[in-house]
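1. I would like the atomic coordinates for the input below:
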Amino acid sequence: MIRFVVIALVVVVAWILLVKLVKNLKSANVDWTGVTTIIGFIALAFWLRHITGMG
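-> Numbers count the residues shown, from 1 in each chain. Model prediction:
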């Protein structure tokens, strides 16, 4: 039962932080091309690690 309470608290805190992050990103001037490029390279690295088993 305590495990469910801890998990629920973690989910609530994560949701609050996500909402604050989205609000801050909407008001900030962000270079979305650079952000997407970085995310793409990270996703490619994980995919290549999964496919090849190296890294």
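2. buried residues in the host helix or strand of Ala43?
-> Remark: Ala43 resides in helix 32-52, with elements defined by DSSP states H and E. Taking 16 or more other CB atoms under 10 Å as the neighbour-count basis, helix 32-52 is seen to contain no buried residue. Backbone N, C-alpha and C define where each C-beta goes, glycine included.
3. so how many other residues sit close to Asn24?
-> Here the count is done by other CB atoms under 10 Å, and Asn24 has 10 residues near it.
4. Which pLDDT does the model give it?
-> The score at Asn24 is 87. That number is its pLDDT.
5. Which of the helices or strands spans it?
-> If you go by DSSP H and E, Asn24 is part of helix 2-27.
6. Would you mark the buried spots in that helix?
-> Using 16+ other CB under 10 Å as the test for burial, helix 2-27 gives no buried residues.
7. what about that helix, distance to the chain center?
-> Average the C-alpha atoms of helix 2-27, do the same for its chain, and the two points are 12 Å apart (CA atoms, centre = their mean, to the nearest Å).
8. Could you do stretch 44-55 as well?
-> The chain centroid and the centroid of stretch 44-55 are separated by 19 Å under CA atoms, centre = their mean.
9. With stretch 22-34 instead?
-> Centroid separation for stretch 22-34 versus its chain: 14 Å, with CA atoms, centre = their mean.
10. okay, the angle between the helix holding Asn24 and helix 32-52?
-> On the basis of axes from the mean of the first three to the mean of the last three CA atoms, to 10 degrees, helix 2-27 is oriented at 140 degrees to helix 32-52.
11. Helix 2-27 packs against which elements?
-> The elements that helix 2-27 packs onto, with contact taken as 3 or more CB pairs under 8 Å, 6 or more residues apart in numbering; DSSP states H and E, do not include any helix or strand.
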